[in-house]
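Novice: Below is the sequence, then the predicted model.
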Amino acid sequence: MKETKKRILSGITPSGNALHIGNYFGAVKPQIELQNTHQTYYFVADLHALTTIHDREELERNITGVVLDYLALGLDSEKCVFFRQSTVPAHSQLAIVLANYISFGQMQRMHAFKDKLQKDTGVESINMGLFNYPLLMAADILLYKPFGVPVGDDQRQHVELARDIAEKFNKTYDQEVFPLPEPLISETVGRIVGTDGKRKMSKSLNNIIGIFEDETVIKKQIMDCFTDPNRQRATDPGKVEGNPIFIYHDLINDNHKEVAELKARYLQGKVGDVEVKEKLFLAHQRLFASARTRRQELVQNLTVVKKILAEGAEQACRLAKQTLAEVYQVIGEDNQLNKN
Ligand code: TYM
């Protein structure tokens, strides 16, 4: 891995036990592409999952599921450093430090907290892990001094907070300790719509198309997908633009001629939703066939997975410790009492 390559960092929270196509197209696919041109650090944000998961078996299932999904989708341990957040203690240590360079007011304006406050009864039902989540995420990022952070649009505010904290810190000590990380967010695929056709695809909204679930599950998710609400019969001309089923076709279906034909027939009222959906299901099977096979192989081979994670943690710790030492030096925790 050449040190001259620009550094990239990103992560996924195992709040569920499997990734969906929103995660894949919005984040994982761009991250995989960056492996060839950049120095890449990718991790499973297992400490972040504690904001919602308080059952140890469920946590284990989720972490394992997301690790396997991430690797099966194309993370290459020869090219990237892949690790679990909880195995690099510097993430938690830096978060404690960074908390002092951001105001309570700014933390209160973060979407995750505000949304939760609106949905639930009030602050009594919000744990501090959720409130502090963007702080831990800022530490995740700044520890590695990355040039860029490839994420979906829902993470933009968090990356911006990391930039604000970095700026405040640098200014306080009049030193460029933290380079400001760029959010790398695609305009076209940064926010994949859910199968309800309204909101962002998200496991908690139950509007996902999975990747590794049983084929019957995936098929049902596709068959239940919202299409053009104004179209009653297959003979009615339909709308293609903004229609989720065609958004997915454009992303998933490698047979571009078939997609163009389906769109033309849909516009003229010459194809039913069922055929469009069945073709999407077949395209999904084609696209993810090799990842599904790879995942099955990994399940049979957890020793290999454990080795990848252990080596990743070792490499990540090396860099993370360096940054933490620099920070301790700059702020004065490292001082005459621990120097020779
Ligand atoms: P998470 O686990 O919710 O999502 C993982 C990645 O998938 C993207 N994503 C989407 N992109 C497009 N359309 C969608 N419908 C969609 N749903 C999810 C997310 O934007 C994300 O890039 N806080 C992060 C994890 C994290 C992290 C970090 C990321 C923790 N520390 C440091 C980068 C750097 C999260 O919960 O993502």
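Specialist: Looks like it came in fine.
Novice: from here on, contacts and neighbour counts on C-alpha atoms
Specialist: Noted.
Novice: and the stretch 201-340 of the chain, which residues reach the ligand?
Specialist: 201-202 (C-alpha under 6 Å from any ligand atom).
Novice: Show me the strands in the stretch 201-340 of the chain, by range?
Specialist: Taking DSSP state E, counting those that start in this stretch as the criterion, the stretch 201-340 of the chain carries no strands.
Novice: which residues in it form helices?
Specialist: Under the criterion DSSP state H, counting those that start in this stretch, the stretch 201-340 of the chain contains helices at 215-223, 244-252, 256-268, 273-299, 302-331.
Novice: any idea of the angle the last one forms with helix 273-299?
Specialist: Helix 302-331 and helix 273-299 meet at an angle of 80 degrees, taking axes from the mean of the first three to the mean of the last three C-alpha atoms, to 10 degrees as the criterion.
Novice: helices or strands up against the lowest-mean-pLDDT helix or strand in the chain?
Specialist: Lowest by mean pLDDT, DSSP states H and E among the helices and strands of the chain is helix 111-119, with a mean of 88. Here helix 111-119 touches helix 128-142, going by 3 or more C-alpha pairs under 8 Å, 6 or more residues apart in numbering; DSSP states H and E.
Novice: The helix it packs on - contacts with which helices or strands?
Specialist: helix 90-98, helix 104-108, helix 111-119, helix 156-173.
Novice: Give me the neighbour count for Ala45.
Specialist: Ala45 sits with 23 neighbouring residues when counted by other C-alpha atoms under 10 Å.
Novice: do Phe83 as well
Specialist: Number of residues near Phe83 (other C-alpha under 10 Å) recorded here: 27.
Novice: who does it bridge with?
Specialist: Applying DSSP bridges to Phe83 gives these bridge partners: Phe43.
Novice: Can you name the residues that contact Gly190?
Specialist: Shown here is Gly190, whose contacts under the criterion C-alpha atoms under 8 Å, 6 or more residues apart in numbering are 25-27, 151-153.
Novice: so which of those would you say is closest to Ile218?
Specialist: Relative to Ile218, the closest of the contacts of Gly190 is Phe25; by C-alpha to C-alpha it sits at 16.5 Å.
Novice: so what's Phe169 closest to, chain neighbours aside?
Specialist: For Phe169, ignoring the flanking residues on the chain, the nearest one in space by C-alpha to C-alpha, 6 or more residues apart in numbering is Tyr101 at 6.3 Å.
Novice: Also Ser15?
Specialist: For Ser15, ignoring the flanking residues on the chain, the nearest one in space by C-alpha to C-alpha, 6+ apart is Ala49 at 5.0 Å.
Novice: from what I can see the one you found touches Asn17, true?
Specialist: No. With contacts defined as C-alpha atoms under 8 Å, Ala49 does not count as touching Asn17, sitting 10.7 Å away.
Novice: Filter the contacts of Gly190 to keep only those in contact with the ligand.
Specialist: When the contacts of Gly190 are filtered against the ligand using C-alpha under 6 Å from any ligand atom, the residues retained are 26-27, 151-153.
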